[in-house]
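A.B. asks: Pasted the sequence and its predicted model underneath.
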Amino acid sequence: QVQVVESGGGLVQTGGSLRLSCVASESTFNSYSIGWFRRAPGKERDFVAAITRNSATTYYADSVQGRFTISRDIARNTVYLQMNSLKPEDSAVYYCARRKFGSASYTTVGNYDSWGQGTQVTVSS
């Protein structure tokens, strides 16, 4: 099964930017839509953004719309999450995952598999 590794997290001040990367172990990753999710301490894992396999369509949670941008580089088996204008409430562990074929929703955690270990994002006020 494909393995994914997230990176790019860190500590940033309010208003700052980070770019997260999600790198897959094999190119079959490129045949799937990919999502980013996040989990803050004591909370559920929430949808952040998703991108279709051909990059034609992207989806965003209302809370990040206009600040975050998801993209992918097929040649590198990589999906990125550019995060701008970060807020303290964006602090969480961020995960990427592969959307299962035939799934109806892009925002439901259960419609994804091949989760990475996550990367921590901390935004200081």
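C.D. replies: Nice, I can see it. Note that the structure is predicted; figures quoted are calculated from it, not measured.
A.B. asks: List the contacts of stretch 25-44.
C.D. replies: With contact meaning Cβ atoms under 8 Å, 6 or more residues apart in numbering, stretch 25-44 is reached by 2-4, 20, 22, 24, 45-53, 70, 72, 74, 77, 79, 81, 89-99, 101, 106-107, 109, 112, 118, 121. Just so you know, the C-beta spots here come from the backbone N, C-alpha and C atoms, and that holds for glycine as well.
A.B. asks: what do you get for stretch 92-105?
C.D. replies: For stretch 92-105, contacts defined as Cβ under 8 Å, 6+ apart pick out 2, 4, 6, 9, 20, 22, 29, 32-40, 43, 45, 48, 50, 79, 81, 106, 111-121.
A.B. asks: Centroid-nearest residue for this structure?
C.D. replies: The centroid of the chain falls nearest to Trp36 when counting by Cα atoms, centre = their mean (2.2 Å).
A.B. asks: could you measure that residue against Val2, distance?
C.D. replies: Here Trp36 is placed at a distance of 16 Å from Val2 (Cβ to Cβ, to the nearest Å).
A.B. asks: buried ones in stretch 24-39?
C.D. replies: The neighbour-count check on stretch 24-39 (16 or more other Cβ atoms under 10 Å) flags Ala24, Phe29, Asn30, Tyr32, Ser33, Ile34, Gly35, Trp36, Phe37, Arg38 as buried.
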